[in-house]
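Below are the sequence and a predicted model for it; my questions follow.
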Amino acid sequence: MMKFKLFFIVLFCSLSLSAFSQLTYGTTGLLHAPFAEMQRDKTFMVGGNFLNKELTPPTWYYHTYNYFLSVTIFPFLEIAYTCTLFKAEALGLKPYGYSGFTNQDRYFSARLRVLKEGQFWKYMPAVVLGTSDPFTSSGGGQVSTTEGNGYYSRFYIAASKQIPVAGKEEVGVHLSYLYNDRKEYKLNGFALGVTYNPSFHPQLRMIAEYDSKDFALGATYLLFKHLHVQVEMQRMKYFSGGLTYKIHLK
C-alpha cells in the first residue's frame, strides 16, 4: 500500500487540463461529486482506478479497483460503462476454490448538458443532468434500487461556473444536488466543489469538494495530451487514484 501511494505521489509531483474524469464513476466530474463541464465532442476515455474502501459502498469492505469506458457522443451527451471488482471471499466463493478478484459489478452512467456556460447570459452557469447505475436487471428489473445491486445508484443536477480572478487565474465553482434511495450508501443532498487552474501551469487543476457526505482534496494532470492522472485524499487521509487514456476521435 505504501509503495502504491509513493508511486502516485512521485507521478503527481513530476508531471507537467481540460475536463477530467471521476475516480468512482469513470465519467467527467470532480473527484466524487458531479459538475457541469463536458469533454470535447467525440472524446473517448478508457481508464482504471484504485479505490480505497472508505470511498466505496459498504459492500466493498476491502480496497478494490475499477475500470471504465466513456464516450462523449455529442458535445452535450456522455455515456460511460464502469466495472468495479469483487473479491471471491466477499461473494462466498472461497469454498469453491476461488480467491481474490474474480467477479465485478457493472453499470452505465449518462450525463446530459442542458445549458452551456454563458449561453443566454454571460453569468449563466453550465447545467448538466446525470445519473449513474440507475437500473439493475436483478429482481426482474428495478430503477433506483434501495438494496442489493445498484450499488452506485445516483441521480443529480449540477451547475458549474468559471470565475476569473487576479488576471489570468481561474476558479471554478460547482454546485449539485444528488439523490438516491439506497439504504446503505445514501447520497442525498447538496454537493459543492471548487477547482483552481493556475495560469503558470494550466495543465494542473486542484480540487476541493464535499460530495454530500465527505470532504476530499485532490488534483488532476494531463500528460502528453492523452494520459490523464488523478489523485484524491478523502477526508484528508484516505488515498485513491487513477489513470485514464483520453483521445478525441473527431
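That came in fine, so what should we check first?

mind listing the strands for the protein?
Here the chain has its strands, by DSSP state E, at 43-51, 64-74, 77-87, 101-115, 126-132, 135-136, 142-143, 154-165, 169-179, 189-197, 205-210, 215-223, 227-234, 238-248.

would you list these in CSV and tack on distance to residue 33 and mean pLDDT?
C-beta: built from backbone N, CA, C; applies to glycine. What follows is the strands of the chain, written out as CSV (distance: least, C-beta to C-beta, whole Å; pLDDT from 0 to 100):
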stretch, distance to residue 33, mean pLDDT
strand 43-51, 16, 95
strand 64-74, 17, 95
strand 77-87, 16, 96
strand 101-115, 13, 95
strand 126-132, 11, 97
strand 135-136, 22, 82
strand 142-143, 22, 78
strand 154-165, 8, 94
strand 169-179, 6, 93
strand 189-197, 4, 94
strand 205-210, 5, 94
strand 215-223, 8, 91
strand 227-234, 11, 92
strand 238-248, 14, 93
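
Go through those and name the closest to residue 37.
strand 154-165 (5.5 Å; C-beta to C-beta).

which of the residues in that closest one are buried?
Neighbour counts over strand 154-165 (16 or more other C-beta atoms under 10 Å) mark 154-162 as buried.

Kindly export that strand (C-alpha atoms) in PDB.
Extracted C-alpha coordinates of strand 154-165, given in PDB (Å, rounded to 0.1, in the frame of the first residue of the first chain):
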ATOM      1  CA  ARG A 154     -27.500   8.300  -8.000                       C
ATOM      2  CA  PHE A 155     -29.400  11.000  -9.900                       C
ATOM      3  CA  TYR A 156     -28.300  14.600 -10.000                       C
ATOM      4  CA  ILE A 157     -28.400  18.100 -11.400                       C
ATOM      5  CA  ALA A 158     -25.200  20.000 -11.400                       C
ATOM      6  CA  ALA A 159     -24.200  23.600 -12.200                       C
ATOM      7  CA  SER A 160     -20.700  25.000 -12.900                       C
ATOM      8  CA  LYS A 161     -19.300  28.500 -13.400                       C
ATOM      9  CA  GLN A 162     -15.700  29.500 -14.100                       C
ATOM     10  CA  ILE A 163     -14.700  32.800 -12.400                       C
ATOM     11  CA  PRO A 164     -11.600  34.700 -13.500                       C
ATOM     12  CA  VAL A 165      -9.600  36.000 -10.600                       C
END
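
Next, the angle from that strand to strand 169-179.
In terms of direction (axes from the mean of the first three to the mean of the last three C-alpha atoms, to 10 degrees), strand 154-165 departs from strand 169-179 by 160 degrees.

okay, the buried residues of strand 154-165 in JSON lines with distance to residue 239 next?
Listed next are the buried residues of strand 154-165 as JSON lines, based on distance: C-beta to C-beta, whole Å:
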{"residue": "154", "distance to residue 239": "23"}
{"residue": "155", "distance to residue 239": "28"}
{"residue": "156", "distance to residue 239": "25"}
{"residue": "157", "distance to residue 239": "30"}
{"residue": "158", "distance to residue 239": "25"}
{"residue": "159", "distance to residue 239": "29"}
{"residue": "160", "distance to residue 239": "26"}
{"residue": "161", "distance to residue 239": "30"}
{"residue": "162", "distance to residue 239": "28"}
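
Let me know the closest of the residues you listed to residue 207.
Nearest to residue 207 among the buried residues of strand 154-165: residue 160, at 12.3 Å, using C-beta to C-beta.

I figured that closest one hits residue 126, correct?
Yes. Contact criterion C-beta atoms under 8 Å: residue 160 and residue 126 qualify, at 4.9 Å.

and for the two, which residues touch both?
Residues touching both residue 160 and residue 126 (C-beta atoms under 8 Å, 6 or more residues apart in numbering) are 36-37, 117.

Nothing else from me, thank you.
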